Structure formats: C-alpha cells, structure tokens
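J.: this one's structure only:
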C-alpha cells in the first residue's frame, strides 16, 4: 500500500519553503512530487517596470546567498546590448567578488549538509570559515549579503585592501585542504550517510538539463567559466572537479574541491589585477533595441539572463533561469528507491535555492 | 568513487583555450538545424540566433537532444513585431558549449507550440511557467498545472497585467487598474488601493532627468 508523506512548505528539514510529497512503499520512496512558488515575487514583472539602474538593486534581492551573480549577469547583458566596455580592473574585481560569494555559498551548504548528516562539529567548522569569508566581503563592499558591487560598465567600489583578502582566502584554503576535505572524504559517518545515496546518473542529469556542481558530480564536465569564459577566467589556471558517481557523496566532494579552486582563482586574480579605473562613464539607462543572453557560472551552476530592449529606459523583458530551476526536477530521479529518512539529505545535497527559483 | 576524490579534471578547456574560433558555434548550429528548415539569423555575444520554420519544433528538439545539446530553458515574451494580442515570441535556449543557440519561433492561439516535455523532462517547468505568465498552452500535454501560481489561479498573470505599471504617468496607470476592475470609468476618482500600480512602478522610474 502506498502512503504519501508530505514535507513542507514549512518543515525543519527544508531550508526554504517548498513542498515535496513522497509516495512511499513502507520506508522506500517510490515517487515524489515537488511544489514550488511559495517565494514567487514577480521579479521579472517588476524588472520590466523599473529602469535598468534600479533593476540592478531589484535583481540583487532575488537571492540572499548568490545576490552578486544576479547583478553581474544582468550587467553583462546590459553591457552586451549597449556596447559598453568594462575596465580591466573591474573584471578582476568582479571575479574576486564572485568567487568569494562561491566560497560563502559552498561553505554554507557544507555546513547544512554536515548538520543533516548529524556531524555538528564539522557544521561549526564550516560556519566559522564562512564567517571569515563574509567578513572579507563586508570589508570589500560594506555589506555581508547584498554587496551592491556591480553596475553597468564596471563595479561600484575598488578593491582597496587586497592583502586582507589574500590572508582570509589563505586561511580558508588551509582549513579546507587540511580539515574539511580529509574529513568529508574519509569519515565513516559521512560515507555511511552519503555513498550510494540519491544517485543521479549522467544521462538523467542531461535529460533534465542539470547544471553546476550537481551535474559535475554526475560526470558532466561543463562549467561556464571554462566552456564560455567571461571576464578574466580565460587568463586563470584552475581545475573543474568532476566525479562520476552521481551520489550525495560525490556532490559533497565536488563542492569541497571547488572551494579550493575558488581560493586559487582569487589568489591569481589579485596577483594579476592591473591598476586603473574600476568603472566606466556613467550609465544613463540608454540601451538600444535588441535582445541578448548572458550566462555565468553561479555557485549552484549556470545562471542565464535573457534581456530584451525596445530602446526605452526600462527593459522590455527580463527572463531569469536560475540553476535550481534546472536542478530541482531531478529530485524525482534521486529519491526513487531511497529511504524516507534520506529524503532531507538528498534534497539538501542539491543545494536548492527557492528564492532564486521562484523569483 | 572514480579515482581519488578531486583528482579528475575534464579535458575541456585548457586555460586560455576555451574561446572557440569565430563562427564555430554558428557552423555547428547550421549543421544541426538545416535539415529542419530553421534559418540562422546571426551570431553575437548572446549566442547564435536562429528562426524555426514553425511553432512545432519537436523534430529539431529530437535532433538537438540526440546530438548531446542541452536545453537550457524556454523564454516567452509578447512578440515585439506585432500588435496582435496572444502572439508571443518563444525562444528555446540550447547549450552549444562555447555559445548558446537561441531558437526563435512565433506562436499564436491559432498555431500554438508543441510541448517538448515528453522529449526533455527539463522543459516541463518552463512550459508550466510560460502558461502561468502568458496563458500560452503547449499542445500534447496531458495537463499543465500551475508552477508559480496556486491551484485555481487563472493563467496569464503577466499578459493580464501587461500594461500596468508601464505607463510614464502613474495616475494613468492607476486609472487603468481601476477601469479594469470596473470600479470607475472616468479619470477623477481615485482607484482602490489594491488596484494601484505596484510599488516601484513606472512613476519614479519614468521621471526624465533622473540622476543615476
């Protein structure tokens, strides 16, 4: 006899409001239905009614974790349509900020995963490291969450104390390489909870269009920073961690390894950063009629913005496809045949963000 | 686990070699689309742009999927080339690796788009969201439950409210809302609060000479 177990939209196992109804045969999940939209704010609708400049502030508030990537992608789309050149130094600052945000996102996620596994000590370690990153972002931008760094044509603030960033990043890298990765990849408790659980085969990841660390833990090699480099990523030396197993453990390890790569990227970007202007001429909300797409590698994967202009001061259309929008439907594949008690961990292993998804 | 965790790095993109030669994605797109009558219309920083022969792109989708091209998402917007109500530009975005392929088609109530969710499950949410926002029905689906809207909410949220908040005159925008609700026909009476333009509407945004 099949029993439907509903979780959400508000539940201790869920970080944000959404609903998952698991059909179970005893302890085993046979299917799942996901309901989203509890965070729907009509951001795309609003964006078409505000000037481009004000849209930067609006779109930054889509997400409380990866706020920077939204403005960065939108600004890149505006710059493409308007033919705006971005100063070299601004490109480096954008990359440093984006990678610090990735550190912050991945460490937050690692902490949540450890908490769900029942590994509270490691949860504390992750969150302590995350504080270091957030302090650094605050030092750069003045804010811990919505950094307000991007603007069409450059960035809003210069990077005035690069040594402080290097010191913080070095501290995070040493801790992640020396403690986090060894424990996450070898600890018996972690392996017992994660290995072979919630498998997403590579072909299913492709069919659903999964992106980011989730897809790379299932064998996909795609990382927009590498396949379609933007800003200065083509000048930097970094690896794209890829594993084939597609289980929760692979997703844990891929993200942990990406933390190290982000540290490498930040270090190189600061070392290579040229002097000069960090923003171009004032942007006057003049964008020629046309359409374009911009995409970048957000912490959770590929983020796409479609932007259409009719030549006015407000966009004609802003479409935002977030990574979780692509990733979350794969949960149906992951949970089939799994124990109900693993449902919370499996969904967390996707690092979902419903503020982004619902917009 | 395959190998030691973290030691595997994909072969794609040795640093500095990720940018393809100019025209490469366009050539690939042309090869993929040519048998289906789709026309390449250009390539720019936003990717390769192509126009589908018609609203039924299922054959093209099969070809792209079987060639390992990933569907990124679907985008809909009121067709800027016509004033006709219910006519939308539907764009399917595909990942060619070093560039996007944006396949554009025009859909109308008389020639609705065919669903591709049975071919690519990842299209399901995008199709449901487009129905939520623009009331575009994809044929071939057994049902299209709301994604962002709740059960029972009418589809077409964006198309129903398309003019609201866009006007350069906030008073006119408020009047439109009132007229839509049948509350007032003239221009003197203030509309009910719930019918006013949303916060952050066109008023302040549209002020000429606004500093940025």
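T.: The structure has been received and is ready for your questions. Source: prediction; values computed, not measured. Numbering: from 1, shown residues only, chains lettered A, B, ... in the order given.

J.: how close does residue A:297 sit to chain B?
T.: Residue A:297 is 12 Å from chain B, where distance means C-beta to the nearest C-beta, to the nearest Å. The way it works is simple: take the backbone N, C-alpha and C, and place the C-beta from them, glycine included.

J.: ok, that residue touching residue A:225?
T.: Yes. The pair residue A:297 / residue A:225 is scored as a contact, 4.6 Å apart, by C-beta atoms under 8 Å.

J.: surely residue A:308 meets residue B:80?
T.: Yes. In this structure, residue A:308 sits in contact with residue B:80. The criterion is C-beta under 8 Å, and the distance is 7.2 Å.

J.: Have a look at the two and say which one is more surrounded.
T.: Neighbours of residue A:308 and residue B:80, each counted by other C-beta atoms under 10 Å in any protein chain shown, are more numerous for residue A:308; the result is 23 against 15.

J.: so what's the backbone phi/psi at the more buried one?
T.: Comment: the main-chain dihedrals of residue A:308 come out as phi -120, psi 140, following degrees, to the nearest 10.

J.: Likewise for the one 4 residues further on?
T.: For residue A:312, the backbone dihedrals (degrees, to the nearest 10) come out as phi -80, psi -170.

J.: and if you look at the one 10 residues further on?
T.: The main-chain torsion angles of residue A:322 are listed as degrees, to the nearest 10 and equal phi -90, psi 160.

J.: Count the residues that sit near residue B:34.
T.: Using other C-beta under 10 Å as the criterion, residue B:34 is surrounded by 11 other residues.

J.: what's the distance between the most centrally placed residue in chain A and chain B?
T.: Centre of chain A computed as the mean C-alpha position; nearest residue by C-alpha atoms, centre = their mean is residue A:299, 2.4 Å away. Distance, residue A:299 to chain B, using C-beta to the nearest C-beta: 18 Å.

J.: got it, and residue A:109?
T.: Applying C-beta to the nearest C-beta, the value for residue A:109 to chain B is 17 Å.

J.: mind checking which helix or strand the closest residue to residue A:232 other than its chain neighbours is in?
T.: If the residues on either side of it in the chain are set aside, residue A:232 comes closest to residue A:91, at 5.0 Å by C-beta to C-beta, 6 or more residues apart in numbering or on different chains. Using DSSP states H and E, the element containing residue A:91 is helix A:88-117.

J.: swap in residue A:215?
T.: Residue A:215 is located in helix A:212-216, with elements delineated by DSSP H and E.

J.: What of residue A:240?
T.: Element membership of residue A:240 [criterion: DSSP H and E] is none; it lies in no helix or strand.

J.: Return the per-residue confidence for it.
T.: At residue A:240, the predicted lDDT confidence score is 95.

J.: elements contacting the helix or strand containing residue A:345?
T.: Element membership of residue A:345 [criterion: DSSP H and E] is helix A:343-349. On a contact count with 3 or more C-beta pairs under 8 Å, 6 or more residues apart in numbering or on different chains; DSSP states H and E, helix A:343-349 meets strand A:19-25, helix A:88-117, helix A:188-194, helix A:248-272, helix A:331-335.

J.: could those be laid out in a markdown table, adding mean neighbour count and mean pLDDT?
T.: Shown next, in a markdown table, are the helices and strands packed on helix A:343-349 (neighbours: other C-beta atoms under 10 Å in any protein chain shown; pLDDT from 0 to 100):
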| stretch | mean neighbour count | mean pLDDT |
| --- | --- | --- |
| strand A:19-25 | 18 | 90 |
| helix A:88-117 | 24 | 92 |
| helix A:188-194 | 16 | 86 |
| helix A:248-272 | 23 | 94 |
| helix A:331-335 | 22 | 92 |
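
J.: could you dump these to TSV with distance to residue B:66?
T.: Putting the helices and strands packed on helix A:343-349 into TSV (distance: least, C-beta to C-beta, whole Å) gives the following:
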stretch	distance to residue B:66
strand A:19-25	32
helix A:88-117	33
helix A:188-194	33
helix A:248-272	26
helix A:331-335	20
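
J.: With residue B:110 as the reference, name the closest of those.
T.: helix A:331-335 (34.6 Å; C-beta to C-beta).

J.: Give me the contacts around that closest one.
T.: The list of residues contacting helix A:331-335 from outside it, by C-beta atoms under 8 Å, 6 or more residues apart in numbering or on different chains, reads A:20, A:22, A:29, A:31-32, A:34, A:198-201, A:204, A:208, A:342-343, A:346-347, A:350.

J.: re the thing from before, and residue A:297 and residue A:225? which has more neighbours close in?
T.: Summary of the neighbour comparison: residue A:297 and residue A:225, criterion other C-beta under 10 Å, with residue A:297 having more neighbours (26 against 22).

J.: Direction included, what does the helix or strand harbouring the more buried one pair against?
T.: Using DSSP H and E, the element containing residue A:297 is strand A:290-298. Sheet partners assigned to strand A:290-298 using DSSP bridges are listed as strand A:301-309 (antiparallel).

J.: Not counting sequence-adjacent ones, nearest residue to residue 24?
T.: Picking chain A for this. Using C-beta to C-beta, 6+ apart, the closest residue to residue A:24 is residue A:3 (5.0 Å).

J.: that's the wrong chain, I wanted chain B
T.: Counting by C-beta to C-beta, 6+ apart, the nearest residue to residue B:24 once its immediate chain neighbours are dropped is residue B:98, at 6.9 Å.

J.: Is the one you found in a helix, a strand, or coil?
T.: Put simply, residue B:98 is coil when judged by DSSP: H, G, I helix; E, B strand; the rest coil.

J.: Likewise for the one 3 residues further on?
T.: Taken by three-state DSSP, the conformation at residue B:101 corresponds to strand.

J.: how about the nearest residue to it, chain neighbours excluded?
T.: Nearest in space to residue B:101, with sequence neighbours left out and distances taken as C-beta to C-beta, 6+ apart, is residue B:94 at 4.1 Å.

J.: Can you list the neighbours in contact with the helix or strand that contains the one you found?
T.: Secondary structure from DSSP H and E places residue B:94 in strand B:88-95. Outside of strand B:88-95, the residues within contact range by C-beta under 8 Å, 6+ apart are A:222, A:293, A:302, A:304, A:306, A:321, B:47, B:55, B:57, B:61, B:64, B:69-81, B:100-108, B:113, B:116, B:130, B:134, B:136.

J.: out of those, which are inside strands?
T.: A:293, A:302, A:304, A:306, A:321, B:47, B:70-78, B:100-107 (DSSP state E).

J.: before we move on, the earlier item: surely the residue nearest to residue A:232 touches residue A:234?
T.: No. Taking contact to mean C-beta under 8 Å, the distance of 10.8 Å between residue A:91 and residue A:234 leaves them out of contact.

J.: part of a strand, is residue A:5?
T.: Yes. Inclusion of residue A:5 in a strand is indicated when three-state DSSP is applied.

J.: how many neighbours does it have?
T.: The local packing count at residue A:5 equals 13, with neighbours defined by other C-beta under 10 Å.

J.: what does residue A:306 give?
T.: Using other C-beta under 10 Å, residue A:306 is surrounded by 26 other residues.

J.: Same question for the one 10 residues further on.
T.: Other residues near residue A:316 come to 19 when the count uses other C-beta under 10 Å.

J.: what's the spacing between it and residue B:154?
T.: Relative to residue B:154, residue A:316 is positioned 24 Å away (criterion: C-beta to C-beta, to the nearest Å).

J.: Could you find the closest non-adjacent residue to residue A:73?
T.: Once flanking residues are discounted, residue A:73 sits nearest to residue A:305: 4.6 Å by C-beta to C-beta, 6+ apart.

J.: ok, now which ones touch the one you found?
T.: Shown here is residue A:305, whose contacts under the criterion C-beta under 8 Å, 6+ apart are A:73, A:74, A:76, A:77, A:293, A:294, A:295, A:318, A:319, A:320, A:321.

J.: repeat that with 7 Å
T.: Residues counted as contacts of residue A:305 (C-beta atoms under 7 Å, 6 or more residues apart in numbering or on different chains) are A:73, A:74, A:77, A:293, A:294, A:318, A:319, A:320.

J.: helix, strand or coil for the first one?
T.: Under the three-state scheme (three-state DSSP), the conformation of residue A:73 reads as helix.

J.: ok, it touching residue A:303?
T.: Yes. With the criterion set as C-beta atoms under 7 Å, residue A:73 and residue A:303 qualify as a contacting pair; they are 5.4 Å apart.

J.: I am finished for the moment; much appreciated.
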